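**Student:** Any chance you can model this:
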Amino acid sequence: QVQLVESGGGLVQPGGSLRLSCAASGFTFSSYAISWYRQAPGKEREFVARITSTTGSTSYADSVKGRFTISRVNAKNTVYLQMNSLKSEDTAVYYCHTVYRVVPRWGQGTQVTVSS
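**Tutor:** Reported below is the predicted structural model:
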């Protein structure tokens, strides 16, 4: 059974940092691209960052470029999202995502709140 489990969210002050983790199981993790999405209250879910399976190439939403870094450790079946210089507009539930056998798979999400 494919599972994605996010962790690492919390409350942080503006300008602070957090590292999110996405632990995967039930599929050959190293063969799949993994993405992070987020959804703020009253808004649609939006793309944040993606890392490919083979080369580890990364891509980012313009709103987080230069502040967030996505990485993966295949030996641990885990993807990370390092978030620096956090802003209030980064407040959202963050979700891990992959497409397994043409079906989108999502984790349960982890809440990130940026507030003083």
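**Student:** Contacts only, for Pro104.
**Tutor:** His97, Thr98 (CB atoms under 8 Å, 6 or more residues apart in numbering). All C-beta spots, glycine's among them, are computed from the backbone N, C-alpha and C.
**Student:** Which element, helix or strand, includes it?
**Tutor:** strand 103-106 (DSSP states H and E).
**Student:** Shouldn't Arg94 be within a strand?
**Tutor:** Careful, residue 94 is Tyr; it's not Arg. Yes. Counting by DSSP: H, G, I helix; E, B strand; the rest coil, one finds Tyr94 located in a strand.
**Student:** what pairs with it across the strands?
**Tutor:** The partner list for Tyr94 in beta bridges (DSSP bridges) reads Arg38, Thr110.
**Student:** Name the strands paired with the strand holding Pro104 and say parallel or antiparallel.
**Tutor:** So strand 103-106, judged by DSSP bridges, has these partners: strand 92-100 (antiparallel).
**Student:** Thr52 versus Val93, what's the distance?
**Tutor:** 24 Å (CB to CB, to the nearest Å).
**Student:** of the two, who's got more company?
**Tutor:** Val93 (18 against 13; other CB atoms under 10 Å).
**Student:** residue contacts, the closest residue to that one other than its chain neighbours?
**Tutor:** Nearest residue to Val93, sequence neighbours excluded (CB to CB, 6 or more residues apart in numbering): Gly109, at 4.2 Å. Going by CB under 8 Å, 6+ apart, Gly109 touches Glu6, Gln39, Val93, Tyr94, Tyr95.
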